[in-house]
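Engineer: this is a predicted model, with the sequence first.
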Amino acid sequence: MNKTLTKIVSVFIILGLTSCSYSPIFSEKNYNFEISEIVFKGEKDINKILREKFNRIGNNQNLGKDVYKLYIYSKKERNIVSKNSKGDPLKFELIITVEFEINFNESLLLKKTIEKNNIYNYDSDLFKLEQNEKIIIENISGNISDNIISSIINLDDN
């Protein structure tokens, strides 16, 4: 009886998972807005990730869409959080700050600052430490770009 019940539950779980129409929120290409221009200043690595994310939105030039301009300033700061008894670093904190403005028809609609941080361990292998930091920067920058897109969508809803 247990084997039969297990098989039936397994079939329903598989059917439920495969018939699900999951799609990520920001992969949808039909936004009700368009970004005509983005001006980046600040940290090149962060700006590159943000630019790639916004390029996925595209400029469709469809009539009826609101057209926004973005001004983005990013900065990165790395601090030592803790040290060992010799004074060598044990933990770092990476802080990424992005200030952005959203303009519509040459008027300022929203000015906001987003600050995200991450604490990570020191690694004596400097290559591995640099790779870990790159991954952290990519993750935080991706999260910030999602927040900026959400801000634009919320503007569009009002």
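Structural biologist: Arrived safely, thanks for sending. Residues are numbered from 1 along each chain as shown.

Engineer: in what helix or strand does the closest residue to residue 37 other than its chain neighbours lie?
Structural biologist: Once flanking residues are discounted, residue 37 sits nearest to residue 69: 4.7 Å by CB to CB, 6 or more residues apart in numbering. For glycine as for every other residue, the C-beta is placed from the backbone atoms N, C-alpha and C. Using DSSP states H and E, residue 69 sits within strand 66-83.

Engineer: which sections of this protein are below the confidence cut-off?
Structural biologist: 1, 11-12, 15-31, 58-64, 156-158 (pLDDT under 70).

Engineer: tell me the buried residues in the longest helix along the chain?
Structural biologist: Looking across the chain with DSSP state H, the single longest helix is helix 126-157. By 16 or more other CB atoms under 10 Å, the buried positions in helix 126-157 come out as 129, 132-133, 136-137, 140-141, 144-145, 148-149, 151-152.

Engineer: so what does that helix touch, helix or strand wise?
Structural biologist: Applying 3 or more CB pairs under 8 Å, 6 or more residues apart in numbering; DSSP states H and E, we find helix 126-157 packed against strand 33-42, helix 44-55, strand 66-83, strand 89-104, strand 107-121.

Engineer: quick one: those as JSON lines, columns for distance to residue 5 and mean neighbour count too.
Structural biologist: Listed next are the helices and strands packed on helix 126-157 as JSON lines, based on distance: least, CB to CB, whole Å; neighbours: other CB atoms under 10 Å:
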{"stretch": "strand 33-42", "distance to residue 5": "51", "mean neighbour count": "14"}
{"stretch": "helix 44-55", "distance to residue 5": "46", "mean neighbour count": "16"}
{"stretch": "strand 66-83", "distance to residue 5": "52", "mean neighbour count": "15"}
{"stretch": "strand 89-104", "distance to residue 5": "49", "mean neighbour count": "17"}
{"stretch": "strand 107-121", "distance to residue 5": "45", "mean neighbour count": "13"}
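
Engineer: can you put these in a markdown table and add distance to residue 6?
Structural biologist: Listed next are those as a markdown table, based on distance: least, CB to CB, whole Å:
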| stretch | distance to residue 6 |
| --- | --- |
| strand 33-42 | 49 |
| helix 44-55 | 43 |
| strand 66-83 | 49 |
| strand 89-104 | 46 |
| strand 107-121 | 42 |
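
Engineer: bridged to residue 112, which residues?
Structural biologist: Taking DSSP bridges, one obtains residue 100 as the residues bridged to residue 112.
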